[in-house]
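In: My questions concern the predicted model and sequence given below.
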Amino acid sequence: MSKKPSIPKGTRDFGPKQMVRRNYIFSNIKETFQKFGYLPLETPTMENLSTLTGKYGDEGDQLLFKVLNSGDFLSKRGKTLVGEQELEKGYKHVTPIISEKGLRYDLTVPFARYVVMNRNDISFPFKRYQIQPVWRADRPQRGRYREFYQCDADVVGTKSLICEAEIVLMITEVFGKLGIEDYSIKINNRKILSGITEVIGAKGHETDLCVAIDKLDKIGEDKVLEELTEKGFSDEAIENLRPILHPSGSSKERLARMEEFLTSSETGLKGIEETRKVYDYVAGFGLENAKLEFDMTLARGLNYYTGAIFEVKVNNVSIGSVSGGGRYDDLTGVFGLPDVPGVGFSFGVDRIYDVMEELELFPEQHQDSTKVMICNFDEESERYSLKVLSSLRQANINAEIYPDQAKMKKQMTFANNKEIPFVLMVGSQEMASGKLTLKDMKSGEQEGLSVEELIEKLK
RNA sequence: GUGGUUGUAGCUCAGUUGGUUAGAGCGCCUGAUUGUGGUUCAGGAGGUCGUCGGUUCGAGACCGAUCUUCCACCCCA
């Protein structure tokens, strides 16, 4: 026997049952995006490595899947593919020689690339959504795959905070439709985070602060402060930080307290103002009960964010965030088009799927599958049945015939396993009378119907 | 990337200090029922024990490597 086939680490097949459920999530998200004026876009699976590298930080670059150059790349460089000097410099210097392309790591950077390449044809503000898989050479875990889908919606060419508010609305709508109730949309602002570093006298160390603060609820205050000391924060700075480490009260109260703390930082106050405005807009849309929480400990890794940042977590489910995003002032700058501000966010469908499965939120759905199966007795009945089958399909009824003249038992078992609700029997009696026998597989009841009656019943 | 964990029938799992022919439940196939599934009864098929190598008279069990799974960290959707 040949070797058992397998698929690469961190990838998955999606069977028909899973696909029905995934499509259910996809279509809800698409519908919502389109309702808010976003239009679809697709970009290639592969991008040039020059497009991808340097956009996600060192960690991100490590996680890029690279595509080996095709053809006889050996001959292009003469007999020596890689010189000894290059080898000594390490793999980072060797990879560009044998690989020029990589699999996309997210949808935002390819989008920025698209905007720059098509700047003359795009009328701004430009809203697009994009639902495609992305790849990361991460170590897989629950809710963490090497190939997974992102559903991004971004708008570029406007600084309006209405966009931020609309993101909150879209998240609320999608989760509402999917039946996820216990979740929170956390919002923070990069400007607030840099304000904090200014106030405590550690300007320029935003990233370290973010990473440490992010773990507050996980490892506790002491360990966080310890980590900050390790990263070179002064005792004074840490002492200054202490008062704001324990957020309590409503988002409004937290914002007020943070405003007080940030009085000496212009940037910080700007962040507060922006966050307030997002709240105002959300309220302006009439959404009173948005699950929006201001959380100054929220810090997202991607370093292109400059304004609001979002993250959505489902409560009481041990899975990471299911959605996230933020504002970036200059994502297209690296591609030579400065001053195009934008906001975007993304749904992690694979995680939403896992969450919904755990919470048993998928509705029973069979409308995609066959509604009626015709039993195949013999050649005469088969010929007769094909006409019936065509009539059913013309009436938009999902129908199929069992393709082989197998035993009844086998055909019934097949229908049962496929959860086909009705089975139609066309034998000699039926052909003689014109009344076909329809069996309801759930109740087991049977009745004789003409083709017209049949269509009427199954419609 | 660091540390740990897992792998036995299609699925969920047993398998004693290393010892003859590796088991169960569910599923699958056949028949009781030659035009009736989901219930019942009777019978049957299916395993190079993840892969490769080693120790041993003898390995599913011990050792090494590798792949895979899951977990913690890192990071993230």
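Out: Here it is on my side, so go on.

In: so where is the stretch 201-350 of chain A shaky, pLDDT-wise?
Out: A:301-302 (pLDDT under 70).

In: Hmm, residue A:353 and residue A:21 touching each other?
Out: Yes - the pair residue A:21 and residue A:353 qualifies as a contact (Cβ atoms under 8 Å) at a distance of 6.7 Å. Every residue, glycine included, has its C-beta placed from N, CA and C.

In: Next to RNA strand B, which bits of the stretch 51-200 of chain A? Give me the list.
Out: Listed as neighbours of RNA strand B in the stretch 51-200 of chain A under the rule Cβ under 7 Å from any atom of the strand: A:57, A:59-60, A:62, A:106, A:136, A:138-146, A:148, A:150.

In: let's go with 10 Å and repeat that
Out: A:56-60, A:62-63, A:105-108, A:134-152 (Cβ under 10 Å from any atom of the strand).

In: And the helices in the stretch 151-300 of chain A?
Out: Along the stretch 151-300 of chain A, counting by DSSP state H, counting those that start in this stretch, helices occupy A:162-178, A:190-199, A:206-213, A:216-219, A:221-230, A:235-241, A:251-261, A:266-284.

In: Out of those, which is the most enclosed?
Out: Neighbour counts averaged per stretch over the helices of the stretch 151-300 of chain A are highest for helix A:190-199, at a mean of 24; criterion: mean count of other Cβ atoms under 10 Å.

In: could you give the mean pLDDT of that helix?
Out: Averaging the model's pLDDT scores along helix A:190-199 yields 89.

In: Summarise which helices and strands that helix is packed against.
Out: helix A:206-213, helix A:251-261, helix A:266-284 (3 or more Cβ pairs under 8 Å, 6 or more residues apart in numbering; DSSP states H and E).

In: mind redoing it with 6 Å?
Out: Using 3 or more Cβ pairs under 6 Å, 6 or more residues apart in numbering; DSSP states H and E as the contact criterion, the elements in contact with helix A:190-199 are helix A:206-213, helix A:266-284.

In: And the ones you listed: which comes nearest residue A:347?
Out: When the helices and strands packed on helix A:190-199 are compared for distance to residue A:347 using Cβ to Cβ, the nearest one is helix A:266-284, at 18.7 Å.

In: Show me what that closest one is packed up against.
Out: Using 3+ Cβ pairs under 6 Å, 6+ apart, the elements in contact with helix A:266-284 are helix A:162-178, strand A:183-189, helix A:190-199.

In: repeat that with 7 Å
Out: Using 3 or more Cβ pairs under 7 Å, 6 or more residues apart in numbering; DSSP states H and E, the elements in contact with helix A:266-284 are helix A:162-178, strand A:183-189, helix A:190-199, helix A:251-261, strand A:292-294, strand A:308-314.

In: I'd like the ones you listed as JSON lines, with distance to residue A:436 appended.
Out: Below are the helices and strands packed on helix A:266-284 laid out as JSON lines (distance: least, Cβ to Cβ, whole Å):
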{"stretch": "helix A:162-178", "distance to residue A:436": "39"}
{"stretch": "strand A:183-189", "distance to residue A:436": "50"}
{"stretch": "helix A:190-199", "distance to residue A:436": "68"}
{"stretch": "helix A:251-261", "distance to residue A:436": "64"}
{"stretch": "strand A:292-294", "distance to residue A:436": "58"}
{"stretch": "strand A:308-314", "distance to residue A:436": "49"}
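
In: Nearest approach to residue A:409 belongs to which of these?
Out: When these are compared by Cβ to Cβ, helix A:162-178 sits nearest residue A:409, at 40.2 Å.

In: circling back to that earlier point, of the residues of the stretch 51-200 of chain A next to RNA strand B, which belong to strands?
Out: Within these, membership in strands is found for A:134, A:135, A:147, A:148, A:149, A:150, A:151, A:152, as judged by DSSP state E.

In: Does the second one touch residue A:148 like I think?
Out: No - here residue A:135 lies out of contact with residue A:148, judged by Cβ atoms under 7 Å, at a distance of 8.2 Å.

In: The spatially most central residue of chain A: what's it in contact with?
Out: For chain A, the residue sitting closest to the mean C-alpha position, by Cα atoms, centre = their mean, is residue A:348 at 2.6 Å. For residue A:348, the contacting residues are A:148, A:150, A:322, A:323, by Cβ atoms under 7 Å, 6 or more residues apart in numbering.

In: what are the bridge partners for it, then?
Out: For residue A:348, the residues forming beta bridges with it (DSSP bridges) are residue A:150.

In: Would you quantify the distance from it to RNA strand B?
Out: The span separating residue A:348 from RNA strand B equals 3 Å under the rule Cβ to the nearest atom of the strand, to the nearest Å.

In: same question, residue A:69
Out: Taking Cβ to the nearest atom of the strand as the criterion, residue A:69 is separated from RNA strand B by 21 Å.

In: near RNA strand B, which residues of the stretch 201-350 of chain A?
Out: A:207-208, A:210-212, A:214-215, A:218-219, A:223-224, A:227, A:299-303, A:305, A:309-313, A:318-326, A:345-350.

In: Just give the nearest non-adjacent residue to the residue in the stretch 351-459 of chain A positioned nearest to RNA strand B, would you?
Out: When distances are taken as Cβ to the nearest atom of the strand, the stretch 351-459 of chain A reaches nearest to RNA strand B at residue A:427, 2.3 Å away. What sits nearest to residue A:427 in space, not counting adjacent residues and going by Cβ to Cβ, 6 or more residues apart in numbering, is residue A:377, at 5.3 Å.

In: Confirm that the one you found sits in a helix.
Out: No - Residue A:377 is assigned coil when assessed by DSSP: H, G, I helix; E, B strand; the rest coil, not a helix.

In: Number of residues surrounding it?
Out: Using other Cβ atoms under 10 Å, residue A:377 is surrounded by 21 other residues.

In: domains of chain A?
Out: When chain A is parsed with automatic domain parsing, its domains come out as A:27-44+A:105-359, A:372-458.

In: what's the distance between the nearest residue to residue A:124 once chain neighbours are set aside and residue A:115?
Out: Nearest in space to residue A:124, with sequence neighbours left out and distances taken as Cβ to Cβ, 6+ apart, is residue A:157 at 2.9 Å. Distance, residue A:157 to residue A:115, using Cβ to Cβ, to the nearest Å: 8 Å.

In: Residue A:455 too?
Out: 51 Å.

In: who has more neighbours, these two?
Out: Each of residue A:455 and residue A:115 had its neighbours counted (other Cβ under 10 Å), and the higher figure belongs to residue A:115 (23 against 17).
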